[in-house]
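Novice: just to be clear, the model below is a prediction. Sequence and coordinates:
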Amino acid sequence: MVSRLKPPGATIIPTLRYNDVAAAVEWLCRAFGFEKHLVVLEDDGTVAHAELTFGNGMIMVDPARDDAFGQLQKPPGQAGAVVCQSPYIIVDGVDQHYADAIAAGAEIVVDIQDQDYGGRDYSCRDPEGYLWNFGTYDPWSTTSPDEVAA
C-alpha cells in the first residue's frame, strides 16, 4: 500500500489574473467557499493582490496587467484560447457545493457525477472564464492506484 501524507500547508500556490479582482474575490468566496487570507488595496481602493484559502490550499488573485509579465499570463477571456490548466479542489459535501456554485452563477461544463475511481465531482467556469474542478477524490488518501483499479 502506498502511504501519502498531507502536507501542513500548500507548497504550490497558483496565481490567477482577473480583470475585476474585487468582484472575483467576492465571487470566489461566495460561490466556492474560499476565505480571504490577505487583500492588499491600491491607494485608489482597487485590489492590488489577494490571497484566498480553501482548506490547506491557497490561490493568489491579481489584476490583469498590460506590462511584460502581464502579457505572459492573462485571464481566459483575453487569452483567446482554451484554458490549458485548471485546479482540482477536494471538497466535503460536493452536492451542496455544486448547488451553491450554480446559485452563484457558475457555468457548469461537466455535470456532477460519480467516477469509477470512487470520487464524485463536477467542473465549472467562473464569470471570467477560468475552469474549476471540485470533487471528493483525494489523491492524498492512503489508497494506492492499484487498489483503486481493483
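Specialist: Now that the structure is in, tell me what you want to look at. Residues are numbered from 1 along each chain as shown.

Novice: dump the residue contacts of Q73.
Specialist: Taking CB atoms under 8 Å, 6 or more residues apart in numbering, we find Q73 in contact with 15, 17. Every residue, glycine included, has its C-beta placed from N, CA and C.

Novice: the same query, at a cut-off of 10 Å, please.
Specialist: 15-17, 62, 64-65, 79 (CB atoms under 10 Å, 6 or more residues apart in numbering).

Novice: got a ChimeraX select line for the buried ones in those residues?
Specialist: Here is the ChimeraX command that selects the buried residues among the contacts of Q73 (16 or more other CB atoms under 10 Å):
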select :16,17,62,64
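
Novice: can I get the longest helix belonging to the chain in CSV, CA atoms only?
Specialist: Secondary structure of the chain per DSSP state H: the longest helix is helix 21-32. Taking Å, rounded to 0.1, in the frame of the first residue of the first chain, the C-alpha atoms of helix 21-32 are listed here in CSV:
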residue,chain,number,x,y,z
VAL,A,21,-10.2,41.4,-8.9
ALA,A,22,-12.5,42.7,-6.2
ALA,A,23,-15.5,41.1,-7.9
ALA,A,24,-13.6,37.9,-8.4
VAL,A,25,-12.5,37.7,-4.8
GLU,A,26,-16.1,38.2,-3.6
TRP,A,27,-17.5,35.7,-6.1
LEU,A,28,-14.9,33.0,-5.4
CYS,A,29,-15.6,33.3,-1.6
ARG,A,30,-19.4,33.2,-2.1
ALA,A,31,-19.6,30.6,-4.9
PHE,A,32,-16.8,28.2,-4.0
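
Novice: appreciated, that's everything.
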